[in-house]
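Colleague: What shape does this take:
(one chain, ligands or ions: 1)
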Amino acid sequence: MTGGLQENGFSQVLDLVLEELGLYYSQDVNGIGVLYSLLQAPWLQSLLKVGEMLRDFPSAETRELRRILRGAHFKAMLSAHDMVAQKDFEPILPPLPENIPDNEEAMRIVCLVKNKQPLGATIKRHEITGEIIVARVIHGGLADRSGLLYAGDKLVEVNGVLVEGLEPEHVIQILADSEGTIIFKVIPVGDRSICNHTMLFARAMADYWPQQDPAIPCADAGLPFQKGDILQIVDQSDSLWWQARKVSDLSRCAGLIPSNHLLKRRSMRLCRRKTQNSQSSFYSRCPTSCYHTVGAPYEEVVRYQRRPCDRHRLIILIGPSGVGVNELRKQLIDLNPLVFQSPIPHTTRQKKTYEENGREYFFVSKETFESMVYSHSFLEYGEYNGHMYGTNVESIKAVLDAGMICIVDLEPQGITGARTHELKPYIIFVKPPSKSCMRETRKNAFIITDYYVNMKFKEEDLQEIEESAKKMEAQFSQFFDQIVVNDNLQSATVQLMSIIHRAQDEPQWIPASWICSDYE
Ligand SMILES: Nc1ncnc2c1ncn2[C@@H]1O[C@H](COP(=O)(O)OP(=O)(O)OP(=O)(O)O)[C@@H](O)[C@H]1O
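Modeller: Next up, the predicted model:
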């Protein structure tokens, strides 16, 4: 590079810089952005290099450049560049006062917008400190979705009202009266335990009405359910109160339900009270009578889909005597004997001449029958006209092994024995229609009793069918997978047929133990 060219280059660069700087001086620009891009500019880099070089070549231009570079504006620009580069532009807060106590707690301000829906959190008074704290946050509720309130958070203020010294009921009232925005001041809980969201499904084995439970921490946060309902238990972190939703209504937020442990404890207490009243020892009676009859409050269930290579599920029809269980079973078999069959029963009665052993019945001696009873071979058995009759599990398996759908009608007391992983029964309750409908549809029907065969239905028979159906439902509905009303015989049969096919081919809830047992 020649001396002339060098001089030309420098003056060009300088002209450029001055021109640009002149532009910025005349504009009211946001300094940081502009400075940043300005200082990034390749020409400025060159200029700096030029400056260094010029130190060694004193001339009029050099002196001028030195003056520019030492100018206040230029220095200010460079210092601004340094600040931007070091991100040193955040506001400087005044120092904290020196007299803050060491134990001062951080406060969180939570703003929730409450429409018509509940807040989805419960509060309680801390047993020791007396402070009002968030007792639990309901899964899927407003507070839970906000992610800002946690169980254990200390409430300081609600909508500007100090809660110190207030009763929890008073705070609840403030919350209930608030519409729209609610502002909480809370001291966040120190050790926030991670909620245990075990995804577990359970069949309720009893009804539960939170409004009638004096022990529930907040009745409005409770989830009412009826036996047979399938519940999704979303939180088991509390040993006494779980949170659950009904699978039939998963869009609703979860509610409180008593834990297994709590219900068992209650039923034990009930049991103790009963046995005390009956003057006998709790320990000697409880395991066999009371506790056994009360049973588990929830039954864990899983979704089960029968594979085409699996045996069919046993179809059990349950219903009050005279409702038409036997008739419906016969209708199904008559319609499709290659698909539907019933097991061949055992009996102690004499074989008739036209009968064949193993076709109508298995004819056995009283002794054989008794030994089968002792070895629990029968799902159910009973006496009729002085003879014993029984439905044997092996006969059921024979139908299932032949690839057919086995249908039995059972007394409800036989349900427990039939509920095994081997048979995986699907239980259908045959319900009577209204009495007026029965009167109409049973005009030409005959009822079979222990004393009479082929008697017309009387008014008291209809009454008895209705009452006995109600009792059965009250006691056993937790086991019913489906209910069919036997009004019109033809339509009830068609409905039953489609239910049975769905039971075999579509996913269903079954006890988890039936699946685990497969791998035993
Ligand atoms: N939907 C119906 N419409 C008209 N008649 C019916 C209907 N269902 C059943 N019946 C008749 O009612 C009578 C009693 O029915 P069924 O014998 O099936 O009763 P059940 O429930 O099996 O009672 P049980 O166990 O005491 O025999 C029979 O005559 C049957 O044909």
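Colleague: For residue 409, which residues count as its bridge partners?
Modeller: Residue 409 has these beta-bridge partners by DSSP bridges: residue 317.
Colleague: contacting residues for it?
Modeller: 316-319, 325-326, 329 (Cβ atoms under 8 Å, 6 or more residues apart in numbering). C-beta here means a position set from N, CA and C on the backbone, and glycine is covered the same way.
Colleague: Filter those down to the buried ones.
Modeller: In those, burial by neighbour count holds for 316-319, 325-326, 329, counting by 16 or more other Cβ atoms under 10 Å.
Colleague: Please list which of the residues you listed are also close to the ligand.
Modeller: Contacts with the ligand are made by 319, 325-326 out of the buried ones among the contacts of residue 409, judged by Cβ under 6 Å from any ligand atom.
Colleague: Could you check how far residue 362 is from the ligand?
Modeller: Here residue 362 is placed at a distance of 21 Å from the ligand (Cβ to the nearest ligand atom, to the nearest Å).
Colleague: any idea how far residue 328 is from the closest residue to that residue other than its chain neighbours?
Modeller: Nearest residue to residue 362, sequence neighbours excluded (Cβ to Cβ, 6 or more residues apart in numbering): residue 346, at 4.6 Å. Distance of residue 346 to residue 328, computed by Cβ to Cβ, to the nearest Å: 23 Å.
Colleague: again, but for residue 405
Modeller: 14 Å.
Colleague: How about residue 357?
Modeller: Counting by Cβ to Cβ, the gap from residue 357 to residue 328 is 28 Å.
Colleague: Equivalent analysis for residue 424, please.
Modeller: Distance from residue 424 to residue 328, by Cβ to Cβ: 21 Å.
Colleague: How about residue 382?
Modeller: For residue 382 relative to residue 328 (Cβ to Cβ), the value is 20 Å.
Colleague: Among residue 357 and residue 328, which residue is more densely surrounded?
Modeller: residue 328 (24 against 11; other Cβ atoms under 10 Å).
Colleague: Touching, that one and residue 430? I think so.
Modeller: Yes - the criterion here is Cβ atoms under 8 Å, and residue 328 meets it with residue 430 at 6.3 Å.
Colleague: Find residues that contact each of these two.
Modeller: With Cβ under 8 Å, 6+ apart, residue 328 and residue 430 have common neighbours 317, 484, 486, 492.
Colleague: Quick check: the third one touching residue 433?
Modeller: Yes - between residue 486 and residue 433 there is a contact under Cβ under 8 Å: 6.8 Å.
Colleague: These two: which is more packed in?
Modeller: residue 486 (25 against 19).
Colleague: got a list of what the more buried one touches?
Modeller: 319, 323-324, 328, 430-433, 492.
Colleague: Would you state the helices of the stretch 51-200 of the chain in chain order?
Modeller: Along the stretch 51-200 of the chain, counting by DSSP state H, counting those that start in this stretch, helices occupy 60-70, 72-85, 142-146, 168-177.
Colleague: Of these, flag the one that's most buried.
Modeller: Among the helices of the stretch 51-200 of the chain, ranked by average contacts under mean count of other Cβ atoms under 10 Å, first place goes to helix 142-146 (a mean of 19).
Colleague: State the mean pLDDT of that helix.
Modeller: Taken as a whole, helix 142-146 has a mean pLDDT of 84.
Colleague: And for that helix, what's in contact with it?
Modeller: In contact with helix 142-146 (Cβ under 8 Å, 6+ apart) are residues 110, 112, 114, 117-121, 134, 137-138, 149, 253.
Colleague: Alpha carbons of that helix, as CSV, please.
Modeller: Written as CSV, here are the backbone C-alpha positions of helix 142-146 (Å, rounded to 0.1, in the frame of the first residue of the first chain):
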residue,chain,number,x,y,z
LEU,A,142,-58.8,-23.9,39.6
ALA,A,143,-56.0,-23.6,42.2
ASP,A,144,-54.3,-26.7,40.9
ARG,A,145,-54.4,-25.5,37.3
SER,A,146,-52.9,-22.1,38.3
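Colleague: and the chain, which of its residues are near the ligand?
Modeller: Near the ligand, when you scan the chain using Cβ under 6 Å from any ligand atom, you find 319, 321-327, 441-442, 445-448, 486, 489, 492.
Colleague: From those, list the buried ones, please.
Modeller: Using 16+ other Cβ under 10 Å, the buried ones in the residues of the chain next to the ligand are 319, 322-327, 441-442, 447, 486, 492.
Colleague: Farthest-apart pair in the residues you listed, please.
Modeller: 447 and 492 (17.4 Å; Cβ to Cβ).
Colleague: Check the residue nearest to residue 217 when sequence neighbours are not counted and give its pLDDT.
Modeller: Leaving aside its chain neighbours, residue 217 sits nearest to residue 122 (5.5 Å; criterion: Cβ to Cβ, 6+ apart). For residue 122, the model assigns a pLDDT of 86.
Colleague: which among the shared contacts of residue 328 and residue 430 gets closest to residue 86?
Modeller: Distances from residue 86 to the shared contacts of residue 328 and residue 430, taken by Cβ to Cβ, are shortest for residue 484, at 79.2 Å.
Colleague: what's across from that closest one in the sheet?
Modeller: residue 430.
Colleague: Read off the pLDDT value for it.
Modeller: For residue 484, the model assigns a pLDDT of 98.
Colleague: wait, isn't it in contact with residue 494?
Modeller: No - between residue 484 and residue 494 there is no contact under Cβ under 8 Å: 10.2 Å.
Colleague: So these two - more neighbours on which side?
Modeller: residue 484 (19 against 13).
Colleague: how about that one, what does it touch?
Modeller: Counting by Cβ under 8 Å, 6+ apart, residue 484 makes contact with 328, 428-431, 492, 495-496, 499.
Colleague: Which residue ranges make up the domains of the chain?
Modeller: 3-85, 108-187, 307-519 (automatic domain parsing).
Colleague: between those, which gets the lowest average pLDDT?
Modeller: Among the domains of the chain, domain 3-85 scores lowest, at a mean of 73.
Colleague: Please name the nearest non-neighbouring residue to the residue of the stretch 101-250 of the chain found nearest the ligand.
Modeller: Nearest to the ligand in the stretch 101-250 of the chain, going by Cβ to the nearest ligand atom, is residue 228, at a distance of 21.8 Å. Distances taken as Cβ to Cβ, 6+ apart put residue 478 closest to residue 228, at 4.8 Å, once the chain neighbours are dropped.
Colleague: quick one: the one you found and residue 202 touch, right?
Modeller: No - counting by Cβ under 8 Å, residue 478 stays clear of residue 202, with 11.2 Å between them.
Colleague: Those two: who's more crowded?
Modeller: Using other Cβ under 10 Å as the criterion, residue 478 and residue 202 rank with residue 202 on top: 23 against 17.
Colleague: Setting the sequence-adjacent residues aside, check what's closest to that one.
Modeller: Residue 202's closest residue in space is residue 298 (Cβ to Cβ, 6+ apart), at 3.9 Å.
Colleague: what does residue 438 give?
Modeller: Residue nearest to residue 438 in three dimensions, not counting chain neighbours: residue 462, with 5.1 Å by Cβ to Cβ, 6+ apart.
Colleague: Looks to me like residue 390 is in a strand.
Modeller: Yes - under DSSP: H, G, I helix; E, B strand; the rest coil, residue 390 falls within a strand.
Colleague: need the contact list for it.
Modeller: So residue 390 contacts 345-347, 369, 372-373, 377-378, 380-382 (Cβ under 8 Å, 6+ apart).
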